[in-house]
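Undergrad: quick one, fold the following:
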Amino acid sequence: MANTTKGRTRKTGLPPGTLIHTGQRRMETPRITVIEYSKDTFRETEIKDVKECPILRDTPAVAWINVAGLHDVDLLRQIGDAFGIHRLVLEDILATDQRPKMEDYQSYLYTVFKMLSYDEEKRGVAAEQVSLILGPNFVISFQEREEKIFEPVRETIKLDKGVIRRSGPDYLVYALLDVVVDHYFLVLEKMGEAVDVLSDAVLIRPEPAVLRELHQLRRELLFLHRAIWPLREVIAGLSRRNTELVREGTAIYLRDVYDHTVQMMDTVDIYREMMAGAMDIYLSSVSNRLNQVMKVLTVIATIFIPLTFLAGVYGMNFKTFPELEWRWSYPAFWLVCVIVTVVMVVYFKRKKWT
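TA: Numbering: from 1, shown residues only. A predicted model of the protein is given here:
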């Protein structure tokens with residue numbers, strides 16, 4: 001899980017609307033792809049010059065402009081000027097530690113959320129910020145890097161599956177949100193497997209390595225909670241249709257995505273409770289193991305107390321010691337020690353102290 005506030009100090013003291021990229025540079029060169037579609041038409045191109053953007057703003061078809069790579073501040077400023085995007089929105093797009101939210105600017109809606117995936121190599125959650133601008137006949141998506149997560153939506157548009165080609169840009173926003181939420185379920189599935197493995201590990205081998213994995217998994221679950229909880233509010237706001245940019249037909253689909261986010265929140269809460277229980281089990285297992293060790297040491301020390309007493313008595317340097325003159329005094333001493341030890345062990349066994 002990445003540090004969500006890294007790079008924010010670069011904006012300290014600067015006036016609102018100052019455009020500074022605070023995230024990581026994840027692509028060498030930004031790439032802008034455009035898909036224009038309607039019921040009967042489809043065209044996919046790549047834009048080299050931002051001056052072509054104003055044409056897309058007035059096209060009768062729906063235009064989906066995808067910008068991959070956010071480190072080029074001048075490029076985003078030009079796109080903002082072409083589509084009339086407020087400077088504060090551009091500032092939020094460049095600051096990749098945003099909390100998921102939705103803002104209504106009358107002529108367009110701004111939505112930002114986290115795109116999550118599970119990194120098999122690092123065994124953790126990888127996050128990327130995605131911003132969407134919903135206009136009357138266009139959608140602009142901003143990604144930190146070019147991911148394949150939106151590829152199913154592109155194929156759906158290209159092959160004219162479903163109703164997306166006969167719907168407006170609000171339905172495209174729904175489709176993008178839906179595919180992102182579906183990937184959340186994949187991440188939760190991986191996290192659930194990790195939770196099950198650690199829940200068994202704390203019982204079988206409560207070791208420091210397991211404790212470190214517990215702490216790491218709890219951090220990942222906390223990050224998931226921070227990503228999903230506000231996203232639920234975003235989708236709920238879209239489904240309430242407080243703007244004319246979202247139609248009634250699309251709101252029904254958005255409510256379905258909202259139900260999915262509620263389900264995910266319940267799952268995350270269950271996993272967090274399981275991790276808290278696993279932590280308690282780990283601490284109890286370590287405490288019980290320590291108690292077992294202390295019990296064994298206490299039994300051994302108790303057995304040696306009378307033996308130490310006998311050795312101390314007969315180790316004193318008194319001149320008159322009748323037993324020292326006896327021929328069988330040494331074997332008798334060991335016989336008494338053995339008898340005392342056996343009696344104490346039998347006593348402890350009957351009391352089930354060992």
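
Undergrad: break this structure down into its domains, please.
TA: Taking automatic domain parsing as the domain assignment, the ranges for the chain are 8-284, 314-350.

Undergrad: where does pLDDT dip in the stretch 201-350 of the chain?
TA: Applying pLDDT under 70 to the stretch 201-350 of the chain flags the ranges 319.

Undergrad: for the protein, which helix is longest?
TA: Of all segments of type helix in the chain, defined using DSSP state H, the longest is helix 248-313.

Undergrad: what packs against that helix?
TA: Counting contacts by 3 or more CB pairs under 8 Å, 6 or more residues apart in numbering; DSSP states H and E, helix 248-313 packs against helix 169-204, helix 208-239, helix 329-350. Heads up, the C-betas are built off the backbone N, CA and C, glycines and all.

Undergrad: could you give the angle of the longest one to helix 248-313?
TA: Here helix 169-204 points in a direction 10 degrees away from that of helix 248-313 (axes from the mean of the first three to the mean of the last three CA atoms, to 10 degrees).

Undergrad: check which residues of helix 169-204 are buried.
TA: 169-181, 184, 187-188, 190-191, 194-195, 198, 201-202 (16 or more other CB atoms under 10 Å).

Undergrad: now do that helix: distance to the chain's middle.
TA: Helix 169-204 sits 9 Å away from the centroid of its parent chain (CA atoms, centre = their mean, to the nearest Å).

Undergrad: now the angle from that helix to helix 208-239?
TA: 160 degrees.

Undergrad: ok so, going back, right, and the helices and strands packed on helix 248-313 - which one's nearest N288?
TA: helix 169-204 (11.0 Å; CB to CB).

Undergrad: got the helices and strands packed on helix 248-313 as JSON lines, with distance to A95 columns?
TA: Compiled in JSON lines, these are given as follows (distance: least, CB to CB, whole Å):
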{"stretch": "helix 169-204", "distance to A95": "19"}
{"stretch": "helix 208-239", "distance to A95": "15"}
{"stretch": "helix 329-350", "distance to A95": "67"}
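
Undergrad: for M279, give me its contacts.
TA: 202, 214, 218 (CB atoms under 8 Å, 6 or more residues apart in numbering).

Undergrad: okay, the domains of the chain, which one's buried deepest?
TA: Greatest average neighbour count among these goes to domain 8-284 (a mean of 17), per mean count of other CB atoms under 10 Å.

Undergrad: leaving out chain neighbours, which residue sits closest to the residue positioned nearest the centre of the chain?
TA: Geometric centre of the chain, nearest residue: E220, 3.2 Å, by CA atoms, centre = their mean. In this structure, E220 finds its nearest non-sequential neighbour in V125, 5.1 Å apart by CB to CB, 6 or more residues apart in numbering.

Undergrad: let me know the pLDDT of the one you found.
TA: At V125, the model reports a pLDDT of 83.

Undergrad: isn't there a strand covering it?
TA: Yes. Using DSSP: H, G, I helix; E, B strand; the rest coil, the assignment for V125 is a strand.

Undergrad: who does it form a beta bridge with?
TA: Y118 (DSSP bridges).

Undergrad: how big is the angle separating the longest helix of the chain from helix 329-350?
TA: Using the same axes, to 10 degrees: helix 248-313 against helix 329-350 is 150 degrees.

Undergrad: so which of the domains of the chain is nearest P306?
TA: domain 314-350 (5.1 Å).

Undergrad: and that closest one, how far from the chain's centre?
TA: Centroid separation for domain 314-350 versus its chain: 66 Å, with CA atoms, centre = their mean.

Undergrad: now do stretch 198-206
TA: 21 Å.

Undergrad: tabulate the CA atom coordinates of it in CSV.
TA: C-alpha atoms of stretch 198-206 as CSV (Å, rounded to 0.1, in the frame of the first residue of the first chain):
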residue,chain,number,x,y,z
LEU,A,198,-3.4,-16.2,8.3
SER,A,199,-6.3,-17.3,10.5
ASP,A,200,-5.0,-20.9,10.3
ALA,A,201,-1.4,-19.8,10.7
VAL,A,202,-1.9,-18.1,14.1
LEU,A,203,-3.2,-21.4,15.5
ILE,A,204,-0.5,-23.6,13.9
ARG,A,205,2.6,-21.4,14.2
PRO,A,206,2.2,-18.2,16.1
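
Undergrad: can you tell me the closest non-neighbouring residue to D160?
TA: Using CB to CB, 6+ apart and skipping residues adjacent in sequence, the residue nearest D160 is F42, 7.5 Å away.

Undergrad: now swap in I133 and tell me
TA: I133 sits nearest to I140 (CB to CB, 6+ apart), 4.0 Å away.

Undergrad: cool, L238 as well?
TA: Per CB to CB, 6+ apart, closest to L238 is L254, 5.1 Å.

Undergrad: residues touching that neighbour, list them.
TA: 174, 177, 235, 238-239, 246.

Undergrad: do the same with A194
TA: Applying CB under 8 Å, 6+ apart to A194 gives the contacts 123, 213, 217.
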